[in-house]
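Visitor: Got a sequence here, can you build the structure:
(one chain, ligands or ions: 2)
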Amino acid sequence: MAKQRTLSIIKPDATSRNLCGKILNHFEEAGLSIVAARMMTLTPEQAGQFYIIHKDRPFYGELIDYMCSGRVLVSVLEGEDAVNCNRTLMGATDPKKADKGTIRALYAESIAANAVHGSDSAENAAVEIALFFPELK
Ligand code: ADP
Ligand code: MG
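Guide: Numbering: from 1, shown residues only. Ligands and ions are numbered 1, 2, ... in the order given. Model prediction:
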């Protein structure tokens, strides 16, 4: 499979516990390269736009508040099958169901504060990357 890109976000629960280095290490150890990265605090508008697909879910308001509650490290990861590779490294949304050794099993606090975001398809990865890194070619 050809090289692919995906968007990763290290969420506020993880940045606040100084886990960026440990989490980025999972990506690099798996052969994913960090081709862009930005530490930032999302505005409610940015978080709301980013998670617009979940706007009708009951946890949407809580999700936006949480994503704006501290710094996030947004990055673009590149490598073979990057989207699926990152999803495998992350583990299931609910850390109680995440496979042993995955980022969420190791570091997530709850189904809401679950340490990382990763694009779920190549199509969504392109949209998410353009949202944060429009300058990236
Ligand atoms: P994933 O991040 O694994 O792709 P989803 O796209 O389904 O998961 O959900 C987006 C984010 O919304 C999750 O990562 C988590 O932060 C939050 N979330 C998902 N389900 C719940 C829930 N039942 N209660 C609270 N927050 C949730
Ligand atoms: Mg998702």
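
Visitor: Any idea how many residues pack against residue 70?
Guide: By the criterion of other CB atoms under 10 Å, residue 70 has 14 neighbours. No exception for glycine: its C-beta is placed from N, CA and C like everyone else's.

Visitor: And it, how close does it get to ligand 1?
Guide: Distance of residue 70 to ligand 1, computed by CB to the nearest ligand atom, to the nearest Å: 14 Å.

Visitor: In three-state terms, label that residue for me.
Guide: At residue 70, secondary structure determined by DSSP: H, G, I helix; E, B strand; the rest coil is coil.

Visitor: What are the phi and psi values at it?
Guide: phi -170, psi -170 (degrees, to the nearest 10).

Visitor: Now do the helices in the protein.
Guide: 12-15, 20-29, 44-50, 60-67, 82-90, 103-107, 122-132 (DSSP state H).

Visitor: looking at those helices, which is closest to residue 75?
Guide: Among the helices of the chain, helix 20-29 comes nearest to residue 75, with 7.7 Å by CB to CB.

Visitor: Alpha carbons only: can I get that closest one in PDB?
Guide: Taking Å, rounded to 0.1, in the frame of the first residue of the first chain, the C-alpha atoms of helix 20-29 are listed here in PDB:
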ATOM      1  CA  CYS A  20       2.800  13.800  24.500                       C
ATOM      2  CA  GLY A  21       6.200  12.300  24.300                       C
ATOM      3  CA  LYS A  22       5.000   8.800  25.200                       C
ATOM      4  CA  ILE A  23       2.100   8.900  22.800                       C
ATOM      5  CA  LEU A  24       4.200  10.300  19.900                       C
ATOM      6  CA  ASN A  25       6.700   7.500  20.600                       C
ATOM      7  CA  HIS A  26       3.900   4.900  19.700                       C
ATOM      8  CA  PHE A  27       3.500   6.500  16.300                       C
ATOM      9  CA  GLU A  28       7.200   6.700  15.500                       C
ATOM     10  CA  GLU A  29       7.900   3.200  16.800                       C
END
